[in-house]
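Give me the fold of what follows.
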Amino acid sequence: MADLVIRGGRRLEGEHTVQGAKNSALPILAATAATRGQCVIRRCPDISDVEATLQILKHLGCRVIREGGSVTVDASTLTGSAVPEALMREMRSSIAFLGPLLSATGRADLSSPGGCEIGLRPINLHLDAMRALGVQISDEGGRLRCAAPGGIKGARLSLSFPSVGATENVMIAAATASGVTVLTNAAREPEIVDLANFLTSCGANIHGAGEGTVVIEGVKRLHGAEHTVIPDRITAVTFLCAAAITGGEVLLRGANPNQMDAMLAVLEQCGGRIRRAENNALHFCMPGRLCRLPTIRTMPYPGFPTDAQAVFMALAALGDGTGIIIETIFENRFRHVSQLRKMGARIRVEGNVAVIEGVPRLAGTAVDACDLRAGAALAVAGLAAEGETRVRETRHIDRGWENIETHLRSIGAEITRVNS
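Numbering: from 1, shown residues only. Okay, here's the model as predicted:
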């Protein structure tokens with residue numbers, strides 16, 4: 001167990017290269033199991049969720065080699081179709097193995113996924129979609145026994161909610177189905193497009209990824225391929241928020257500003273200045289005090305992402321006036337509010353609405369990272385707080401961040417990791 005210890009009050013300034021996207025790397029790595037070949041995935045972030053995914057691949061019989069930011073997965077040796085409960089509970093994204101295993105073996109034996117407790121993420125959307133593709137599913141003592149004895153069949157189906165994970169599972173499973181699958185109300189996140197690009201490089205025939213309707217024409221089999229993961233838009237904007245809350249200036253390299261429009265617009269309304277430079281670089285500075293946070297309503301892409309809600313709440317805590325955040329995706333994603341209050345933030349919550357009255361200063365104290373995004377938000381708040389902030393439960397932060405303390409130190413933060 002470790003804590004992050006932060007001495008606040010330092011202006012952040014410097015350059016940072018954005019890591020690969022966690023929410024792309026995980027489904028792409030899971031999808032390698034469906035190729036039954038050798039895949040090389042580049043810009044794969046060095047985070048605990050990726051390590052958990054690699055452990056699942058190894059358990060299933062795949063050969064896995066990591067060299068720096070590249071991961072090679074040879075799925076030609078895949079022999080299993082069951083993921084143990086202990087590995088499933090390591091992360092919420094473990095359900096991403098449902099589609100790949102059904103594609104590769106015609107079977108999948110899984111349990112409920114674990115990870116951050118940010119609210120219900122019902123897997124019924126995944127299961128209903130698989131049933132529409134001809135998969136038989138039974139629940140035996142908490143284990144999901146899934147089988148497609150007649151093979152996966154193309155179908156027309158519509159998601160009741162544009163779930164990212166369910167869209168990914170459908171694309172992977174349908175890639176080798178017999179016939180054509182038409183998926184409506186599909187998720188449109190950039191990570192969906194990234195997965196579709198990877199599957200296409202493996203021989204899949206997918207049209208419309210990133211739009212509301214995705215058409216997948218089944219092919220006989222997928223082959224191995226090489227792919228580079230897109231930049232992580234959530235960690236990227238977290239660095240911008242770190243600069244904003246400290247009145248600093250940062251140059252992000254390797255970002256994709258076009259995928260961050262909703263978040264960048266809010267930062268500009270808060271007083272930040274943004275300039276898009278060459279080669280996907282993004283220059284940001286905060287010349288004065290934070291202005292009032294505009295009302296934020298979390299929405300599926302291209303709306304404001306729920307994953308960025310917590311760090312923008314940290315900004316609002318020190319901004320002028322009163323800001324409002326409406327959380328529409330997860331019902332339990334305000335758990336960081338009590339921790340920000342410990343630092344002196346004035347926040348009240350009514351249902352899925354948080355009202356944040358900006359204060360002149362925050363005070364450092366010991367706080368708990370109750371989930372990945374909340375942990376990063378508390379670290380950002382600590383950068384501007386007076387005195388010392390100790391963020392506990394860093395295991396949550398490590399699920400999505402590559403050595404957060406090292407990268408923040410590189411742009412001027414006074415932050416260390418210590419044994420708790």
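
Which parts of this protein are helices?
22-31, 48-59, 85-88, 98-105, 124-132, 164-174, 190-201, 233-245, 261-269, 309-317, 337-342, 372-384, 394-398, 404-409 (DSSP state H).

so which of the ones you listed gets nearest residue 291?
helix 261-269 (6.9 Å; Cβ to Cβ). Every C-beta, even on glycine, is put in place using the N, C-alpha and C of the backbone.

Return stretch 44-62 as PDB; C-alpha atoms alone will do.
Extracted in PDB, the C-alpha atoms of stretch 44-62 (Å, rounded to 0.1, in the frame of the first residue of the first chain):
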ATOM      1  CA  CYS A  44       0.100   0.300 -24.400                       C
ATOM      2  CA  PRO A  45       0.000   2.200 -21.000                       C
ATOM      3  CA  ASP A  46       1.900   0.700 -18.100                       C
ATOM      4  CA  ILE A  47      -1.000   0.600 -15.700                       C
ATOM      5  CA  SER A  48      -2.500  -2.100 -13.400                       C
ATOM      6  CA  ASP A  49      -5.600  -2.600 -15.500                       C
ATOM      7  CA  VAL A  50      -3.500  -3.500 -18.500                       C
ATOM      8  CA  GLU A  51      -1.400  -5.900 -16.300                       C
ATOM      9  CA  ALA A  52      -4.700  -7.600 -15.200                       C
ATOM     10  CA  THR A  53      -5.700  -8.000 -18.800                       C
ATOM     11  CA  LEU A  54      -2.400  -9.500 -19.700                       C
ATOM     12  CA  GLN A  55      -2.800 -12.000 -16.800                       C
ATOM     13  CA  ILE A  56      -6.200 -13.000 -18.200                       C
ATOM     14  CA  LEU A  57      -4.600 -13.600 -21.600                       C
ATOM     15  CA  LYS A  58      -1.900 -15.700 -20.100                       C
ATOM     16  CA  HIS A  59      -4.400 -17.700 -18.100                       C
ATOM     17  CA  LEU A  60      -6.300 -18.400 -21.400                       C
ATOM     18  CA  GLY A  61      -3.100 -19.800 -22.900                       C
ATOM     19  CA  CYS A  62      -1.800 -16.900 -24.900                       C
END
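
and that stretch, average pLDDT?
Averaging pLDDT along stretch 44-62 yields 97.

between the helices of the chain, which gets nearest to residue 280?
helix 233-245 (10.3 Å).

hang on, the earlier thing: can you tell which of the helices of the chain is closest to residue 329?
The nearest among the helices of the chain, by Cβ to Cβ, is helix 309-317 at 8.5 Å.

quick one, that closest one and helix 233-245 angle?
Going by axes from the mean of the first three to the mean of the last three Cα atoms, to 10 degrees, helix 309-317 is angled at 10 degrees with respect to helix 233-245.

Isn't residue 146 up against residue 99?
No. Using Cβ atoms under 8 Å as the test, residue 146 is too far from residue 99 to be in contact (10.0 Å).

Between those two, which is the more surrounded one?
Legend: neighbour count by other Cβ atoms under 10 Å for residue 146 and residue 99, higher for residue 99 (32 against 22).

The more buried one reaches residue 105, doesn't it?
No. Checked against Cβ under 8 Å, the pair residue 99 and residue 105 is beyond contact range at 11.6 Å.

Overlap in contacts, those two.
Common neighbours of residue 99 and residue 105 (criterion: Cβ atoms under 8 Å, 6 or more residues apart in numbering): none identified.

want to throw the helices of the chain into a markdown table with distance to residue 14?
Formatted as a markdown table, these follow (distance: least, Cβ to Cβ, whole Å):
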| stretch | distance to residue 14 |
| --- | --- |
| helix 22-31 | 23 |
| helix 48-59 | 26 |
| helix 85-88 | 38 |
| helix 98-105 | 39 |
| helix 124-132 | 42 |
| helix 164-174 | 32 |
| helix 190-201 | 26 |
| helix 233-245 | 9 |
| helix 261-269 | 18 |
| helix 309-317 | 19 |
| helix 337-342 | 26 |
| helix 372-384 | 13 |
| helix 394-398 | 20 |
| helix 404-409 | 10 |
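
If you average pLDDT over each of these, which is lowest?
Across those, helix 85-88 gives the lowest mean pLDDT, at a mean of 88.

can you list residues touching both of residue 146 and residue 99?
residue 130.

any idea how far the residue nearest to residue 388 when sequence neighbours are not counted lies from residue 73?
With sequence-adjacent residues excluded and distances taken as Cβ to Cβ, 6 or more residues apart in numbering, residue 388 is closest to residue 364, at 4.6 Å. Per Cβ to Cβ, to the nearest Å, residue 364 is found 43 Å from residue 73.

Between the two, point out the one with more neighbours.
residue 73 (28 against 22).

So the residue nearest to residue 388 versus residue 412, what's the distance?
The value you get for residue 364 to residue 412, if Cβ to Cβ is used, is 17 Å.

now do residue 381
For residue 381 relative to residue 412 (Cβ to Cβ), the value is 17 Å.

Give me the more crowded residue out of those two.
Higher neighbour count among residue 381 and residue 412: residue 381, with 32 against 19, using other Cβ under 10 Å.

So that one is in contact with residue 316, correct?
No. Under the criterion of Cβ under 8 Å, residue 381 makes no contact with residue 316, lying 10.5 Å away.

Specify the beta-bridge partners of residue 74.
Residue 74 forms beta bridges with residue 38, residue 63, as assigned by DSSP bridges.

any idea how far residue 40 is from it?
Distance from residue 74 to residue 40, by Cβ to Cβ: 10 Å.

and if you look at residue 359?
The gap separating residue 359 from residue 40 is 49 Å, by Cβ to Cβ.

ok, now residue 286?
39 Å.

Report the spatially nearest residue to residue 286, omitting neighbours in sequence.
Among residues not flanking residue 286 along the chain, residue 244 sits closest, at 4.5 Å (Cβ to Cβ, 6+ apart).

circling back to that earlier point, who are the contact partners of the residue nearest to residue 388?
6, 7, 8, 343, 382, 385, 386, 387, 388, 389, 390.
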